[in-house]
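1. Generate coordinates for the sequence data below:
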Amino acid sequence: MAAGVAVLACAASAAAATVAASASERTAIIRAFGDPASAGPCLRVRLAASDHRYADVRFRHTAACARWGFKGTNVLIRRAGGGWAVLFEGASYRCPVAKVPRGVQRDLGVCPVS
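-> Prediction:
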């Protein structure tokens with residue numbers, strides 16, 4: 001049973017496919033997320049590999065970053081004109097998330113098997 005659970009966990013994490021945001025994208029995403037630039041070192045910003053118009057912000061779980069801590073999933077979208085906006089935020093939600101394309105959900109780990 002434990003081996004089956006481990007296989008499912010690995011399959012779900014293997015499904016996530018992201019790319020790094022550029023420095024300017026990262027700054028704009030963190031600003032749209034609502035945190036100041038000083039929070040930057042405590043946040044992970046990733047773009048969906050299948051569609052770079054979607055990004056997520058995750059908290060780095062370290063003692064130095066506790067001030068900026070949060071639990072949950074966040075998806076941002078690049079709007080026409082290049083600005084970013086929060087599309088989805090949640091700590092407890094049902095999959096699939098209606099507002100987010102399924103491929104993006106898989107890439108960002110929002111709903112890894114949707």
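
2. Surely A20 and A48 touch.
-> No: the criterion here is Cβ atoms under 8 Å, and A20 misses it with A48 at 12.0 Å. Yep, even glycine has a C-beta here, placed from its N, CA and C like the rest.

3. Could you check which of the two has the larger neighbour count?
-> Comparing A20 with A48 by neighbour count (other Cβ atoms under 10 Å), the higher total belongs to A48, at 25 against 11.

4. and that one, bridged to which residues?
-> Beta-bridge partners for A48, by DSSP bridges, are T18, D51.

5. ok, now which ones touch it?
-> By Cβ atoms under 8 Å, 6 or more residues apart in numbering, A48 lies in contact with 17-18, 54-56, 103-104, 107-108.

6. Mind giving me the ChimeraX command for buried ones among those?
-> Here is the ChimeraX command that selects the buried residues among the contacts of A48 (16 or more other Cβ atoms under 10 Å):
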select :18,54,55,56,104,107,108
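
7. What about the contacts of A48, which are in strands?
-> Among the contacts of A48, the ones falling in strands (DSSP state E) are 18, 54-56.

8. from the residues you listed, which two are the most distant?
-> Farthest pair in the ones in strands among the contacts of A48 (Cβ to Cβ) is T18 and Y54. Separation: 9.9 Å.

9. Many thanks, have a good one.
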